[in-house]
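Colleague: here's a sequence, model it:
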Amino acid sequence: MNSFVMGRYVPYDSFIHRMDARAKIFSLILLMVAVFMGYSSWAMTFTMAGLAFIVILVLLMASHVGLGRLLKSLSSLWFMAIFLLVIYILVPHTSNWVAFYIGSYAIYWDSILEAAKILVRLILMIAITMVLTASTKPLDMTDAFEWFLAPLKWIGFPAHELAMILSIALRFIPTILEDVSRIMKAQASRGVDFEHGHILAKAKAMVSLIVPLFVSSFVRSEELADAMECRGYDPKAKRTKYRIEKFHIADLFETLFCAGFLALFIYVSVTNFNCYEAWWGLSVK
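Modeller: Residues are numbered from 1 along each chain as shown. Model (predicted):
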């Protein structure tokens, strides 16, 4: 659990940490859009995914979230990979590009590559989110979300309340993970086995984890509500800010870089750029 950094702020003095939170959120949204662009061939799909991974890896290093910590956080995705592969294997394909046979049932390369594409996109999305949460303080993220949602206040949309909810949710991710680790150790010391036994035994063991976790989460939420009420928090009151975020020239350059990165991906997608197809002989997707 300690290796999981999603939602956990990592205090460092890097250029990403010093950036305006609004610029970071907008830039990372551009990267997310680039990750989900479609291409004319499998070769270009994985080539562009590799390019995106290199850029995101540089951002992870700059945010002091190394590749090793990312891999540890993704260690539970093996189940998702197997599930996706099974689903796509069961879906009928019109392609004749057979990878191998299981008895008389043909397994197509399209099924394997489609599952791999979705898994790669999921990994890139998690990595992008880790860059944002590791380099941005929860309060700064709240202010940024509220700034983006401010135009909706004219139609009565509760922008401040939603921004506060998002901030609290991100803040409590590492707290809940710490509670899970603490409860698992406490229950293991009482003889609960989470790793061995049949399915029913593991289900009973999970109940001994989930029930205390829910109780702990409700207690924390009630304490947080009491603390905010004691401090006079009123979501409908007009609020001032102790720190005013300022947009610097470095934030502009970073945003323009991400916009250019997205433009490159859009260009490759729209123009059906597929020069690798003639080399690798991969089917048009």
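Colleague: quick one: the strands in this protein, in order.
Modeller: Assigned by DSSP state E, the strands in the chain fall at 98-102, 105-108.
Colleague: what about the stretch 101-250 of the chain, any weak spots by pLDDT?
Modeller: Scanning the stretch 101-250 of the chain for pLDDT under 70 picks out the ranges 101-103, 105-106, 197-198, 239, 241-243.
Colleague: what is the neighbour count of Ser27?
Modeller: Ser27: 26 surrounding residues under other Cβ atoms under 10 Å. (Glycine included, C-beta is placed from N, CA and C.)
Colleague: which non-adjacent residue is nearest it?
Modeller: Ranked by Cβ to Cβ, 6 or more residues apart in numbering and with sequence neighbours excluded, the top spatial neighbour of Ser27 is Cys258, at 4.0 Å.
Colleague: can you check Val65 too?
Modeller: Val65 sits nearest to Ala134 (Cβ to Cβ, 6+ apart), 4.8 Å away.
Colleague: verify the stated contact: that neighbour with Pro11.
Modeller: No - the pair Ala134 / Pro11 is not scored as a contact, 9.6 Å apart, by Cβ atoms under 8 Å.
Colleague: more neighbours, those two?
Modeller: Each of Ala134 and Pro11 has its neighbours counted (other Cβ under 10 Å); Ala134 has more, 24 against 9.
Colleague: what residues are up against Ala250?
Modeller: 15, 18-19 (Cβ atoms under 8 Å, 6 or more residues apart in numbering).
Colleague: highest neighbour count among those?
Modeller: Met19 (21 neighbours).
Colleague: pull the number of nearby residues for the closest residue to that residue other than its chain neighbours.
Modeller: Distance criterion Cβ to Cβ, 6+ apart; nearest residue to Met19, sequence neighbours excluded, is Asp251 at 5.5 Å. Neighbour count of Asp251, defined by other Cβ under 10 Å: 20.
Colleague: which ones are touching Asp251?
Modeller: By Cβ under 8 Å, 6+ apart, the neighbours of Asp251 are 19-20, 23.
Colleague: state the distance from it to Val211.
Modeller: 46 Å (Cβ to Cβ, to the nearest Å).
Colleague: same thing with Val219?
Modeller: 13 Å.
Colleague: got it, and Asp234?
Modeller: As judged by Cβ to Cβ, Asp234 and Val211 stand 34 Å apart.
Colleague: now do Ile249
Modeller: 53 Å.
Colleague: same check, this time on Ile165
Modeller: 25 Å.
Colleague: just Ala127 next, same as before
Modeller: 33 Å.
Colleague: so for those two, which sits in the more crowded spot?
Modeller: Between Ala127 and Val211, counted using other Cβ under 10 Å, Ala127 has the larger neighbour count: 22 against 11.
Colleague: go ahead and confirm Glu161 touches Pro235.
Modeller: Yes - with contacts counted by Cβ under 8 Å, Glu161 reaches Pro235, the gap being 5.0 Å.
Colleague: so for these two, which sits in the more crowded spot?
Modeller: More neighbours surround Glu161 than the other of Glu161 and Pro235, with 13 against 10 (other Cβ under 10 Å).
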